[in-house]
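Novice: Attaching a predicted model along with its sequence, questions to come.
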Amino acid sequence: MQKFDIAICGAGPVGLTLALLLVKRGIDPARIALIDAKTAEQCSQDQRTIALSYGSQQILQAASAWPVKATEIHQIHVSRRGHFGRTLIDRAEQHVPALGYVARYGDIIQSLTLALNKIAPELTFLRPATVNTITQTESHVQINLKNQTAIEGNIVVQAEGGFFDEQTPQTKRHDYQQTALIAHVKTSMPIPQRAYERFTGQGPLALLPQDDGYALVWCVRPDQAAKLLALNDEAFLSKLQTAFGERLGRFISSSPRFSFSLGLNAQTAAPTGRCISIGNAAQTLHPVAGQGLNLGLRDAFQLAQFLSNSLSNCVGPMSLHDFFRARQADRNTTIQLTDQLAKIFASSPDGSLRQTFLGAGLGLIDLCTPAQQRLAKQMMFGSRQ
């Protein structure tokens, strides 16, 4: 049986970033294993759109995985459809080269994989391989794979999240009764490098600048999502126009549409033994404000610090408890922020007092520079101790 110091389940952006950062901090790559159910080709061809914060770009740069093919976000326009109150966050006012970046999942994977192949060719990849069971003892963890092989790890990191409706329920779980509708759309009057977060009566509608158009993330109730998916392109674009307005002119085209259910599923209990979860495996969030992957990359960055600071390569359970405590402030703040914003629209009637207060708050944030800077820093870097 192969034995490793650290076994990482999930070779997505969070798992790959953790592996790179561990190697960069001196952990022997021959003592690290990465396990994933998909092949490298399947992951690199994934066309999903990802919003990376400026802080996440810095983490990828520290991991030697930047540049990534991406569109910069210079401004973020936040508003409520049909009501007064909005805020505009600009990179110049925050003194950063970009507030964030819009990239395809597959392009991020390719950059991370190339970096790993370059600096850590000795690292063991087990793929395609599906984890069947994980068994802990006082001295190690045994990972049994579905092909009837097994490996041992001193520490096991679960970094494979999946979608909300496919996950095992964690200690904090809430079904928002919302569906995210995903597509790539084009408009007649695009504004380069400006992203939009538009709060509608049923949920947030985000437009992220990408290539010659926008990546759309439209959160609505499940019955409405089913209706929108059934429309032809012309009728769908008309509904989108009504929901978003005419700030970008007319919506002129749409790619095929996809959808997935939205919910909160977070592990708030301290780790027991030698297993720890990070990224979507630790907290699956509502996509409002685009914080999910960014929170996961901050998990990876801090976990690499704690594991590499352990004596030699003899990492153990105490490192995981220290990591968990250190991540509480950032995780709790981000979970509460996205949870409350989602519930305002998922659980409140259209035009409710809570929704009205949100619109008024956007106007106040735009007028109050310290409040806007605090919001921008939270979105870019999370909560720092």
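Specialist: Arrived safely, thanks for sending.

Novice: Only C-alpha atoms from now on, for both contacts and neighbour counts.
Specialist: Noted.

Novice: SS state for Val68?
Specialist: Of the three states, Val68 takes coil according to DSSP: H, G, I helix; E, B strand; the rest coil.

Novice: That one: neighbour count?
Specialist: A total of 19 residues lie near Val68 under the criterion other Cα atoms under 10 Å.

Novice: dump the residue contacts of it.
Specialist: Residues near Val68 by Cα atoms under 8 Å, 6 or more residues apart in numbering: 103, 107-108, 111.

Novice: Can you list which of the residues you listed are found in helices?
Specialist: Of the positions in the contacts of Val68, 107-108, 111 sit in helices, assigned by DSSP state H.

Novice: If you rank those by neighbours, which is first?
Specialist: Neighbours here mean other Cα under 10 Å. Within the ones in helices among the contacts of Val68, the largest count is held by Ile108, at 24 neighbours.

Novice: where does that one land on pLDDT?
Specialist: Ile108 carries a pLDDT score of 97 in this model.

Novice: any idea how far it lies from Ala11?
Specialist: Counting by Cα to Cα, to the nearest Å, the gap from Ile108 to Ala11 is 12 Å.

Novice: Now do the one helix or strand Ile50 maps to: distance to the chain's middle.
Specialist: When elements are defined using DSSP states H and E, Ile50 is found to belong to strand 49-53. Here the centre of strand 49-53 is set off from its chain's centre by 7 Å, with Cα atoms, centre = their mean, to the nearest Å.

Novice: Relative to that strand, what are the paired strands and their orientations?
Specialist: strand 100-104 (antiparallel) (DSSP bridges).

Novice: pLDDT averaged over the partner strand - what is it?
Specialist: Strand 100-104 shows a mean pLDDT of 97.

Novice: Can you pull out the residues in contact with that strand?
Specialist: 46-54, 57, 68-74, 208-210, 380.

Novice: Any stretches of the protein with poor pLDDT?
Specialist: The model of the chain has pLDDT under 70 over residues 82-85, 311-316, 345-369, 371, 384-385.

Novice: Let me know the outermost residue of it.
Specialist: Computed with Cα atoms, centre = their mean, the residue of the chain farthest from its C-alpha average is Met1, at 34.1 Å.

Novice: Give me the spatial nearest neighbour of the residue nearest the centre of the chain, chain neighbours excluded.
Specialist: Note on the chain: the residue nearest the mean C-alpha position is Leu293, at 1.9 Å, using Cα atoms, centre = their mean. In space, and not counting its chain neighbours, Leu293 is closest to Gly279: 6.7 Å by Cα to Cα, 6 or more residues apart in numbering.

Novice: quick one, what contacts that neighbour?
Specialist: With contacts taken as Cα under 8 Å, 6+ apart, Gly279 has the following neighbours: 14, 159-161, 292-293, 295-297, 299-300.

Novice: now those residues as CSV including secondary structure?
Specialist: CSV is the format used below for the contacts of Gly279 (three-state DSSP):
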residue, secondary structure
Val14, helix
Ala159, coil
Glu160, coil
Gly161, coil
Gly292, helix
Leu293, helix
Leu295, helix
Gly296, helix
Leu297, helix
Asp299, helix
Ala300, helix
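
Novice: Just among the residues you listed, which is most surrounded?
Specialist: In terms of neighbours by other Cα under 10 Å, these top out with Leu295 at 31 neighbours.

Novice: and the closest residue in space to Thr284 that isn't next to it in sequence, how many neighbours does it have?
Specialist: Beyond its immediate neighbours in the sequence, the residue positioned closest to Thr284 (Cα to Cα, 6+ apart) is Asn265, lying 5.1 Å away. Applying other Cα under 10 Å, we find 26 other residues in the vicinity of Asn265.

Novice: Quick check: bridge partners of Asn265?
Specialist: Partner residues in beta bridges with Asn265, using DSSP bridges, are Arg173, Thr284.

Novice: Could you check the strand holding Ile50 and say which residues are buried?
Specialist: Along strand 49-53, the positions that meet the burial threshold by neighbour count (16 or more other Cα atoms under 10 Å) are 49-53.

Novice: Go through stretch 148-159 and flag the buried ones.
Specialist: When neighbours are counted by 16+ other Cα under 10 Å, the buried residues of stretch 148-159 are found to be 150-159.

Novice: Would you map the helices across the stretch 151-300 of the chain?
Specialist: 222-230, 233-244, 292-308 (DSSP state H, counting those that start in this stretch).

Novice: Need the contact partners of the second one.
Specialist: The list of residues contacting helix 233-244 from outside it, by Cα under 8 Å, 6+ apart, reads 81, 198, 200, 205, 228-229, 250-254.

Novice: ok, now the last one?
Specialist: Counting by Cα under 8 Å, 6+ apart, the neighbours of helix 292-308 from elsewhere in the structure are 13-15, 17-18, 21-22, 25-27, 50-53, 55-56, 59, 278-280, 283-286, 315, 319-320, 322-323, 327, 330-331, 334, 382.

Novice: buried subset of those residues?
Specialist: Of the members of the contacts of helix 292-308, the ones counted as buried by neighbours, 16+ other Cα under 10 Å, are 13-15, 17-18, 21-22, 27, 50-53, 55-56, 59, 278-280, 283-286, 315, 319-320, 323, 327, 330-331, 334, 382.

Novice: So which of those residues are in strands?
Specialist: Taking DSSP state E as the definition of strands, the buried ones among the contacts of helix 292-308 contribute 50-53, 283-284.

Novice: give me every residue that touches the residue nearest to Thr284.
Specialist: Residues touching Asn265, when contacts are defined by Cα under 8 Å, 6+ apart, comprise 164, 169-174, 282-285.

Novice: one more time with 10 Å
Specialist: Counting by Cα atoms under 10 Å, 6 or more residues apart in numbering, Asn265 makes contact with 163-165, 167-175, 280-286, 335.

Novice: What subset of those is buried?
Specialist: Buried subset of these (neighbour count, 16+ other Cα under 10 Å): 164, 170, 173-174, 280-286, 335.

Novice: so what's Asp90 up against?
Specialist: Contacts were defined as Cα under 10 Å, 6+ apart; by that measure Asp90 touches 73-77, 96, 98-99, 194, 372-373, 376.
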